[in-house]
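**Q** Whatever this is, show me its structure:
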Amino acid sequence: MSTTPSEKVRVLYTAEATATGGRKGHGRSSDGRVDVDFSSPTEMGGDGGPGTNPEQLFATGFAACFQNAMMSIARRKNVSGVEDSIVTARIGIGPIENRFGLTAELDIKLPSIKDRALAEELVSLADGRCPYTNAVRGNIDVAIKILEPPAQH
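**A** Next up, the predicted model:
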């Protein structure tokens, strides 16, 4: 286990958050922008209370990061039409052998991109660029689907 951040990454920004009380506790970022109570989902034997959970926070960040990677790729390729894209992330949690594991699904909608090959290229390049997909690659199964596929031209 490493005790210092990777020397391979030139860190531009570091988010800091502290959790207390685990899945039934509280989480807060150091700048106070994230300040949430946690509740454990009933599907995991929890109380299903009004708080959020780590998987919801991860899904939100993953969706935003992947969409931003796709938008960045489109800008570099001078492709318009990605601005109205929608990325939905689902993070699953469950037992695997004697521990818990995660799954991830990303559903991508690109309503203004009518060329299927272009949509697939943007999504593929975003998969290679997104820090979240790169971080989980080889550790979490990630299913990426382009929904409402554009018609072939």
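
**Q** Could you measure from the residue nearest to residue 42 when sequence neighbours are not counted over to residue 101?
**A** Leaving aside its chain neighbours, residue 42 sits nearest to residue 48 (3.8 Å; criterion: CB to CB, 6 or more residues apart in numbering). In short, each C-beta sits where N, CA and C put it, glycine included. Applying CB to CB, to the nearest Å, the value for residue 48 to residue 101 is 22 Å.

**Q** now swap in residue 50 and tell me
**A** For residue 50 relative to residue 101 (CB to CB), the value is 27 Å.

**Q** So which of the two has more stuff around it?
**A** Legend: neighbour count by other CB atoms under 10 Å for residue 50 and residue 101, higher for residue 101 (13 against 7).

**Q** Report the separation between that one and residue 138.
**A** 13 Å.

**Q** what stretches of this structure score poorly on pLDDT?
**A** 1-6, 149-153 (pLDDT under 70).

**Q** Pick out the residue nearest the middle of the chain.
**A** residue 62 (1.2 Å; CA atoms, centre = their mean).

**Q** which SS class is that residue?
**A** Using DSSP: H, G, I helix; E, B strand; the rest coil, the structure places residue 62 in helix.

**Q** coming back round to it: burial count for the residue nearest to residue 42?
**A** 12.
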